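S.K.: Return a 3D structure for these sequence lines:
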Amino acid sequence: MNGIRLVRKQIGQWRSFSRCAILQQEVVQVVNPITIPPPEGVDKPASPKIEKLVAEITQLNLLEVSELSQVLKKRLNLPDAPVMPVGGFAMAAPAAQEEEAAPKAVKSSFTVKMTKFDEKQKVALIKEVKGLLEGFNLVQAKKFVESVPTVVKADISKDEAEKLKEALTKVGAVIEID
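M.R.: Reported below is the predicted structural model:
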């Protein structure tokens, strides 16, 4: 009788041991999936979930992008990006008039003003304004372009003003340098 109990006990131990070994293998396979990193110089492939999100976001129009931005700011508790003050440009114009009243000297600071733009190239102009002016997102650049006539930059050097004028005229804007 003792022999039978001993055999049953050994069989029971063997079953629990084999179950643990099988579970151990399954856990190791799930927890440590082997991934091979991509070689240097090659972009890491994005997950299908990220690819799907990127595809959906690129299909949005400007109003939907603005709404998405506002929702993300609220949900993630992000501060608003600083907006360039429109009143600051208006204050720069009287300063230029005071300089003209003073004795004529060599002008060293210039103001770039956008007077109008080609409606067919509006999207390209918005993208260019976003790239050229610091602190602008797409929505701010769109509002800036639609508020024409407006001052693009004030108190800049002649070379910088010429570069800015050239870049913006390529995308359909009419620019004046004062």
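
S.K.: From residue 112, how far out is residue 169?
M.R.: Computed as C-beta to C-beta, to the nearest Å, the residue 169 to residue 112 distance reads 11 Å. Backbone N, C-alpha and C define where each C-beta goes, glycine included.

S.K.: Now the common contact residues for the two.
M.R.: Residues touching both residue 169 and residue 112 by C-beta atoms under 8 Å, 6 or more residues apart in numbering: residue 175.

S.K.: If you count surrounding residues, which of these two has more?
M.R.: residue 112 (20 against 13; other C-beta atoms under 10 Å).

S.K.: Just the endpoints, please. Distance across stretch 112-131?
M.R.: End-to-end distance for stretch 112-131, by C-alpha to C-alpha, to the nearest Å: 16 Å.

S.K.: Return the set of buried residues in it.
M.R.: Within stretch 112-131, the residues scored as buried using 16 or more other C-beta atoms under 10 Å are 112-114, 117, 122, 125-126, 128-130.

S.K.: Format those as TSV; extra columns: distance to residue 78.
M.R.: Output for the buried residues of stretch 112-131, formatted as TSV (distance: C-beta to C-beta, whole Å):
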residue	distance to residue 78
112	31
113	33
114	30
117	31
122	28
125	27
126	22
128	26
129	23
130	19
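
S.K.: of all those, which comes closest to residue 70?
M.R.: Set against residue 70, the nearest of these by C-beta to C-beta is residue 130 (17.6 Å).

S.K.: hang on, that closest one in a helix?
M.R.: Yes: counting by DSSP: H, G, I helix; E, B strand; the rest coil, residue 130 is part of a helix.

S.K.: residues contacting it?
M.R.: By C-beta under 8 Å, 6+ apart, the residues touching residue 130 are 136-138, 140-141.

S.K.: Just give the closest residue to residue 168, not the sequence neighbours.
M.R.: residue 175 (5.4 Å; C-beta to C-beta, 6 or more residues apart in numbering).

S.K.: What residues are bridge-paired with that neighbour?
M.R.: For residue 175, the beta-bridge partners under DSSP bridges are residue 114.

S.K.: what's around it, how many residues?
M.R.: Neighbours of residue 175 (other C-beta under 10 Å): 19.

S.K.: What of residue 153?
M.R.: With other C-beta under 10 Å as criterion, residue 153 counts 17.

S.K.: Determine the three-state secondary structure at the closest residue to it other than its chain neighbours.
M.R.: Sequence neighbours aside, residue 112 is the residue nearest to residue 153 in space, at 5.0 Å (criterion: C-beta to C-beta, 6+ apart). With three-state DSSP as the basis, residue 112 sits in strand.

S.K.: quick one, what contacts residue 112?
M.R.: 151-154, 156, 161, 164-165, 175-177.
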